[in-house]
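Engineer: only geometry, no sequence info:
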């Protein structure tokens, strides 16, 4: 669950650190105080798109950190381990954006991409925005919600992959049928190119060895001369270093017994004596091994020239030739398959059968999930003053299928405007749509695996007894998950286990939003304000107190 949110220089927020509690909490405040800014800040930390406009006026950068416990999110812990990110101390998301619009993201202190931030966020938080009901009118959103409710996301991903494989096979077949001559010309060209590179039999390792051998052979005379010169200085001339050091060691050995202060110097010279002897031995072996070999030098130079000539012909660097050969061989193999029309037809039929098998499994799962979702949402709708209304999920067959499966998903409502089930967008009014949206969100959230749910003013257009039901539903949801709701309804706020108030203050052009945790007395005042507006009377306070007492009972 969400433990702490730290916000700095974000829109109207200067500095803010909030410690979250389990259960159901509400965020209230006057219109324009900035209630939704906290939700926006959390969404920013979770990887939502952002721009420099999020930086508070006068600030250099906006920064948001969100800290989560992972005891109730094992999938997030597993994901962190797969990414080689520390998963033992929970989850810390941090994101920074400066005035130039440059954004950086971190997971448990390690820099990550926004995609990684979004991936892990899906395991810990689900945010329902105040305009969520608008997305419910889109077919893709309805399909995604149904698949999520039915636990079909993984299978839907496999169906999409199978669809792509099938369409690629069909495309290759059609290309082979319509462009056989062009494919033949490309294959002929590749064949002689591959044949030439294979005849060269060249590898990247050989290139490094050729270069080293060429340098050695080309400078063999200088190498032999240098080795002999060093041997002469060290061991073979009249004033050889080895003989001089030997004499010095012998002389000091006799003097050590008179003064032990020479012991350390004698030991150093003895070490040098041994190292000089080893160097002389190595030089003699090297000088005996290095030979002038003009014939081998010529062979190496001819090989190097052949490699360079081939690289120039194919407009490549010598060390890139092996990779070039591999690419051409792969393409040639693919063209060989493309020339086999029968094989391509078989491949297209095979991938189509694989797609249809997976898609039928998905359709079966969707039919089951549609019946379940329809019944559960219909039940909640009755509690939200939508009596007689019935929610249905219809699966409409597609002639040739699609990447999303064999059917189109459509949410329908019956009983609100006549008895016939009709598409959601054509039946529900704005207020009804908000309530239906909330029913769907409550039901699907119960089936979701994320431990923290955020509702941002999803209760717009709701009031009276319905608002009390909404509050009760969210409190019930809070017994299973951590729930935070941004609301303007006193009936919802009174049902919360804990409550914060957003206040806006400022001088001149400097405006800031702060969050104040409310104790019981503070909650009475805030709920009274929500009930009575500017003028708060003893009656409204009493009403607020009764609402809070009733919610606890």
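Structural biologist: Structure's in. What do you need? This one's a predicted model, so the numbers in the text were calculated from it and none came from an experiment.
Engineer: so where's the stretch 201-350 of the chain shaky on pLDDT?
Structural biologist: Judged against pLDDT under 70, the low-scoring parts of the stretch 201-350 of the chain cover residues 213-214, 216-225, 227-228, 286-297, 336-339.
Engineer: err, the stretch 401-550 of the chain, not the other one
Structural biologist: Segments of the stretch 401-550 of the chain classed as low confidence (criterion: pLDDT under 70) are 416-419, 428-431, 434, 446-449, 458-459, 461, 507-509, 533-534.
Engineer: 50 instead?
Structural biologist: Counting by pLDDT under 50, the stretch 401-550 of the chain shows no low-confidence range.
Engineer: how about the helices in it?
Structural biologist: 424-427, 430-447, 464-478, 490-494, 520-532, 538-552 (DSSP state H, counting those that start in this stretch).
Engineer: tell me the contacts of the residue nearest in space to the middle of the chain?
Structural biologist: Most central residue of the chain, judged by C-alpha distance to the mean C-alpha position with CA atoms, centre = their mean, is residue 116 at 1.8 Å. Neighbour list for residue 116: 83, 105, 107 [criterion: CB atoms under 8 Å, 6 or more residues apart in numbering]. C-beta here means a position set from N, CA and C on the backbone, and glycine is covered the same way.
Engineer: ok, now how distant is residue 189 from residue 331?
Structural biologist: Taken as CB to CB, to the nearest Å, the spacing of residue 189 relative to residue 331 amounts to 11 Å.
Engineer: ok, what's across the strand from the nearest residue to residue 420 once chain neighbours are set aside?
Structural biologist: Take residue 420 and drop its neighbours on the chain: the residue closest to it by CB to CB, 6 or more residues apart in numbering is residue 414, 6.5 Å away. Listed beta-bridge partners, residue 414: residue 390 (assigned using DSSP bridges).
Engineer: Residue 414 - how many residues pack around it?
Structural biologist: Applying other CB atoms under 10 Å, we find 17 residues neighbouring residue 414.
Engineer: how far away is it from residue 389?
Structural biologist: Residue 414 sits 7 Å away from residue 389, taking CB to CB as the criterion.
Engineer: likewise residue 263?
Structural biologist: The value you get for residue 263 to residue 389, if CB to CB is used, is 104 Å.
Engineer: Residue 323 now?
Structural biologist: According to CB to CB, residue 323 stands 64 Å off from residue 389.
Engineer: So for those two, which residue has more residues nearby?
Structural biologist: Neighbours were counted for residue 323 and for residue 389 using other CB under 10 Å; residue 389 has more, 22 against 12.
Engineer: wait, the more buried one sits on residue 378?
Structural biologist: Yes - the pair residue 389 / residue 378 is scored as a contact, 7.2 Å apart, by CB atoms under 8 Å.
Engineer: and the helices of the stretch 401-550 of the chain, which is most packed in?
Structural biologist: Relative to the other members of those, helix 490-494 carries the highest mean neighbour count by mean count of other CB atoms under 10 Å, namely a mean of 27.
Engineer: The nearest residue to residue 72 once chain neighbours are set aside: neighbour count?
Structural biologist: In space, not counting the residues next to it along the chain, residue 72 is nearest to residue 451; the distance is 4.2 Å by CB to CB, 6+ apart. Burial of residue 451, expressed as a neighbour count using other CB under 10 Å, amounts to 22.
Engineer: which ones are touching residue 451?
Structural biologist: Applying CB under 8 Å, 6+ apart to residue 451 gives the contacts 1, 72, 73, 124, 481, 482.
Engineer: So the residue of the chain most remote from its centre: helix, strand or coil?
Structural biologist: Checked against the mean C-alpha position of the chain, the extreme residue using CA atoms, centre = their mean is residue 258, at a distance of 76.8 Å. Look at residue 258: counting by DSSP: H, G, I helix; E, B strand; the rest coil, its state is coil.
Engineer: same question, residue 33
Structural biologist: When the structure is reduced to helix, strand and coil (three-state DSSP), residue 33 reads as coil.
Engineer: wait, doesn't it sit right on residue 502?
Structural biologist: Yes - applying CB under 8 Å as the test, residue 33 and residue 502 come out as touching, 4.4 Å apart.
Engineer: So between those two, which is more surrounded?
Structural biologist: Per other CB under 10 Å, whichever of residue 33 and residue 502 has more neighbours is residue 502, with 22 against 19.
Engineer: tell me the phi and psi of the nearest residue to that one once chain neighbours are set aside?
Structural biologist: Taking CB to CB, 6+ apart, and ignoring the residues beside it in sequence, residue 502 has residue 29 as its nearest neighbour in space, at 3.5 Å. In terms of degrees, to the nearest 10, the main-chain angles of residue 29 are phi 150, psi 170.
Engineer: Tell me the spacing between residue 29 and residue 522.
Structural biologist: Distance of residue 29 to residue 522, computed by CB to CB: 12 Å.
Engineer: got it, and residue 437?
Structural biologist: Distance, residue 437 to residue 522, by CB to CB: 31 Å.
Engineer: how far is the lengthiest helix in the chain from where the chain is centred?
Structural biologist: Longest helix in the chain, counting residues (DSSP state H): helix 341-383. Between the centre of helix 341-383 and the centre of its chain there are 27 Å (CA atoms, centre = their mean, to the nearest Å).
Engineer: So which elements touch that helix?
Structural biologist: Counting by 3 or more CB pairs under 8 Å, 6 or more residues apart in numbering; DSSP states H and E, the packing neighbours recorded for helix 341-383 are helix 139-149, helix 153-178, helix 321-338, strand 390-402, strand 405-414, helix 430-447, helix 464-478.
Engineer: which ones are touching the closest residue to residue 352 other than its chain neighbours?
Structural biologist: Leaving aside its chain neighbours, residue 352 sits nearest to residue 166 (5.0 Å; criterion: CB to CB, 6+ apart). Residue 166 makes contacts with 348, 351, 352, 354, 355, as judged by CB under 8 Å, 6+ apart.
Engineer: Could you dump the residues you listed into TSV and include distance to residue 52 and neighbour count?
Structural biologist: Formatted as TSV, the entries for the contacts of residue 166 read as follows, by distance: CB to CB, whole Å; neighbours: other CB atoms under 10 Å:
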residue	distance to residue 52	neighbour count
348	50	20
351	47	19
352	49	18
354	47	17
355	45	24
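Engineer: For residue 366, find the nearest of the helices of the stretch 401-550 of the chain.
Structural biologist: Within those, the stretch nearest residue 366 is helix 430-447; the backing value is 14.4 Å (CB to CB).
Engineer: how far is that closest one from where the chain is centred?
Structural biologist: Distance, centroid of helix 430-447 to centroid of chain: 29 Å (CA atoms, centre = their mean).
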